[in-house]
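Participant: Whatever this is, show me its structure:
(chains A and B)
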Amino acid sequence: MADIRMRQGVHNLDASQVAAFRDSYRQMMQINDNRGYQVLAGRHGVPDWYCWHHQQNARVAQNMRLFLPWHRAYLYTWELAMRDRVPGVTLPWWDWTLGPPRQNGLPAIFTQRTGADGQPNPLLGFRINLPQANPRVVRPTRRSPGPPNELPRQADVDDCLSRTEWADFSDALEDIHDQVHGWVSGDMGVIGTAAFDPIFWSHHAMIDRIWWLWQARNGNGNVPTDLLDEVLAPFNLQVRDVLNVHDLGYEYAAAQSVVPIGGTG
Amino acid sequence: MARTPRTPAPRKERAPGPRHLDAPRRVGAGARTFTTRPVSIDFASPEHRLTRIDLEIRGIFHGEASYEGRIFFNNPKAGHDTPRDREHGYAASFYIFGHGGCLGDPGHCEVNEDARERYDFRAPHPLTLASKRVTVTDTVRDLARTNKEVTITIVPVITAANDLCDTENVFRCEDMRLVSYN
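Facilitator: Numbering: from 1, shown residues only, chains lettered A, B, ... in the order given. Next up is the predicted model:
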């Protein structure tokens, strides 16, 4: 476990962790090739449309619920791209169930105009550059968040976690996921442009974390066996490769808060 | 049970020449509601043992606006400003994460999964219709004490839509059904 990287909650990041997180996105946003923000974010919706949602079915008899595995592979790839820029950084999750005083709607680190260093905050938004789209999309991302009390609550997550059957759980969690996308609205509100908003990744880290919590209780449930060999394009992974986050080299921090107390010295 | 057309509403003609697409916005009200014909809920009367009742909505079109679908029982006049409480027939909501309209060239968003060749191993079209399953156990159990039939009204409240999205015909599905579990 020595090399396991630990994802933290956004609400628990200290100043240096926030700075590293922002620095990784700032650097990725300056790269236009396939290591950069523009190309990687474009794999979700426009222009590449690789993402899996709902229960698309084609080659297998039962509906293919690849929503959770596909996004786990996507975040894994994304986090490695972050670490290529800033070694040691990890992707934090946005726990939208938290209320005041810890958080009220969008976390502050995503809404501040500048960082502590006085530089523009890369978590605020991204300038989409898709002149080849029809119609063209060349503009900064925008958000139009709803009232904080319209976000999912812990009771909704608990209800989701109580479902022991894979399809039932996956559909319930996807519905919560859909709710948060609509709550943020703006570019996050539609599949086409959602991944260009920097909060997309931390929202999905929360979804991935809930899946991992569910796996801790239920194992892999009754994931259909013929789903396991499905390829999660364009990533070099199959479903079976992403079932255990430890195999992907990461884990979610168990502690919700850390209060430094100090020693006797 | 209730059926609505599978095919999306006709798309608006695009203006010629290069165009620019603004960011999606929160629209809220304005989308057309849909109410089913009366549906028997005899299966949920008190003499039946049930652990769960789901409203299954199948074949949902999700190519355009994102929305919250508010589910009301026996309240065909429900709208976006109707209180979401039991008194007004509110049971639950489901959420659709829409694609935000077609951002490709003509034909990009046409789904034709039925015409696939046997050896076509490409991934299914992202606009393959979706399904939602919403648990409505308590609402239906309560109603079944005094009602043999109910109507179900879906009120779409648009959370994100751009100029490519039809903001009137928002909720479109192939069919719905109530499913109970013992």
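Participant: so who does the residue of the stretch 151-265 of chain A found nearest chain B touch?
Facilitator: The minimum distance from the stretch 151-265 of chain A to chain B, using CB to the nearest CB, falls at A:Gly189 (2.4 Å). Yep, even glycine has a C-beta here, placed from its N, CA and C like the rest. Neighbour list for A:Gly189: A:144, A:181-182, B:24, B:26, B:66, B:97, B:100, B:159-160 [criterion: CB atoms under 8 Å, 6 or more residues apart in numbering or on different chains].
Participant: Whichever residue of chain B sits closest to chain A - nearest residue in space that isn't next to it in sequence?
Facilitator: Going by CB to the nearest CB, chain A is nearest to B:Ala160 of chain B, at 2.4 Å. Closest residue to B:Ala160 apart from its sequence neighbours, by CB to CB, 6 or more residues apart in numbering or on different chains: A:Gly189 at 2.4 Å.
Participant: what does A:Met206 give?
Facilitator: A:Trp93 (4.3 Å).
Participant: Would you agree the one you found is in contact with A:His11?
Facilitator: No - with contact defined as CB atoms under 8 Å, A:Trp93 does not count as touching A:His11 (9.3 Å).
Participant: Of these two, which one has the most company?
Facilitator: Remark: of A:Trp93 and A:His11, A:Trp93 carries more neighbours, 25 against 17, as counted by other CB atoms under 10 Å in any protein chain shown.
Participant: Just grab the bridge partners of that one for me.
Facilitator: A:Gly9 (DSSP bridges).
Participant: List the residues that contact it.
Facilitator: A:7-10, A:202, A:205-206, A:208-209, A:252.
Participant: again, 10 Å this time
Facilitator: A:7-12, A:75, A:201-210, A:252-253 (CB atoms under 10 Å, 6 or more residues apart in numbering or on different chains).
Participant: confidence score at it?
Facilitator: Listed pLDDT for A:Trp93 reads 97.
Participant: A:Arg65 now?
Facilitator: Reading off the model, A:Arg65 has pLDDT 88.
Participant: how close does it sit to B:Glu87?
Facilitator: Applying CB to CB, to the nearest Å, the value for A:Arg65 to B:Glu87 is 36 Å.
Participant: out of these two, which sits in the more crowded spot?
Facilitator: Counted by other CB under 10 Å, A:Arg65 and B:Glu87 do not tie: A:Arg65 has more neighbours, with 24 against 7.
Participant: part of a strand, is that one?
Facilitator: No - A:Arg65 is assigned coil when assessed by DSSP: H, G, I helix; E, B strand; the rest coil, not a strand.
Participant: Next, count neighbours for the closest residue to it other than its chain neighbours.
Facilitator: What sits nearest to A:Arg65 in space, not counting adjacent residues and going by CB to CB, 6+ apart, is A:Ser170, at 4.6 Å. Per other CB under 10 Å, the neighbour tally for A:Ser170 reads 23.
Participant: Name the next helix or strand following the helix or strand containing A:Ser170 along the chain.
Facilitator: Counting by DSSP states H and E, the element that carries A:Ser170 is helix A:166-184. Following helix A:166-184 in sequence order, the next helix or strand is helix A:199-218 (DSSP H and E).
Participant: That next one: how far from the chain's middle?
Facilitator: Distance of helix A:199-218 from the chain centroid (CA atoms, centre = their mean, to the nearest Å) equals 8 Å.
Participant: Sketch out the strands for the chain, chain order is fine.
Facilitator: No chain in the question, so chain A it is. A:5-7, A:127-130, A:137-140, A:250-252 (DSSP state E).
Participant: could you do chain B instead?
Facilitator: B:34-35, B:39-40, B:52-60, B:66-73, B:90-96, B:130-135, B:149-150, B:152-160, B:175-181.
Participant: Thanks a lot, catch you later.
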